[in-house]
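S.K.: Task: produce atomic coordinates for the following.
(one chain, ligands or ions: 1)
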Amino acid sequence: MKLLLFFMVVLFLGVGFILGDFFGLVISTIFSFSLYKYYLMISKWKNLPTLDDYLYENKSNQLKKGITCIKCSSNSIKNWGINSVNDTKRSHICNHCGTILYRSGN
Ligand SMILES: [Zn+2]
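M.R.: Down below sits the predicted model:
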């Protein structure tokens, strides 16, 4: 994945140079950075535990009131799409302390 990303960035920068004008170079640079930023976001999301893993690793946090935060024990958890509101890749974040707890979606 990292190699593919590298080649895509080189390709876009190369297209910018081949176009030869400043505007093409700026557009290709912005697109390359956007692609890299998206890749970092996906990598970070994939490193989060799934709900099953989170519950397994934090058995003491499974209270009768539901899933709780590992740091502050709050049971107020919001889920956010990592790229947009309707993104199927979701991060579940504690409303009280802001800790990112687990991921869901695909
Ligand atoms: Zn918390």
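S.K.: When you work out contacts or count neighbours from here on, use the C-alpha atoms and nothing else.
M.R.: Noted.
S.K.: Spell out which parts of the chain neighbour the ion.
M.R.: By C-alpha under 5 Å from the ion, the residues of the chain that approach the ion are 69, 72, 94, 97.
S.K.: Is there a quick ChimeraX command that grabs whichever of these are buried?
M.R.: In ChimeraX syntax, the buried subset of the residues of the chain next to the ion is picked out as below (16 or more other C-alpha atoms under 10 Å):
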select :69,94
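S.K.: any idea which of the residues of the chain next to the ion is closest to residue 82?
M.R.: Nearest to residue 82 among the residues of the chain next to the ion is residue 94, at 14.9 Å by C-alpha to C-alpha.
S.K.: So the closest one versus residue 48, what's the distance?
M.R.: According to C-alpha to C-alpha, to the nearest Å, residue 94 stands 14 Å off from residue 48.
S.K.: so what sits against both of the two?
M.R.: Common neighbours of residue 94 and residue 48, counting by C-alpha atoms under 8 Å, 6 or more residues apart in numbering, are residue 101.
S.K.: and the next element down the chain from the helix or strand bottoming out on mean pLDDT in the chain?
M.R.: Ranked by mean pLDDT, DSSP states H and E, the helix or strand of the chain with the weakest confidence is strand 62-63, at a mean of 60. Using DSSP states H and E, the next helix or strand after strand 62-63 towards the C-terminus is strand 66-67.
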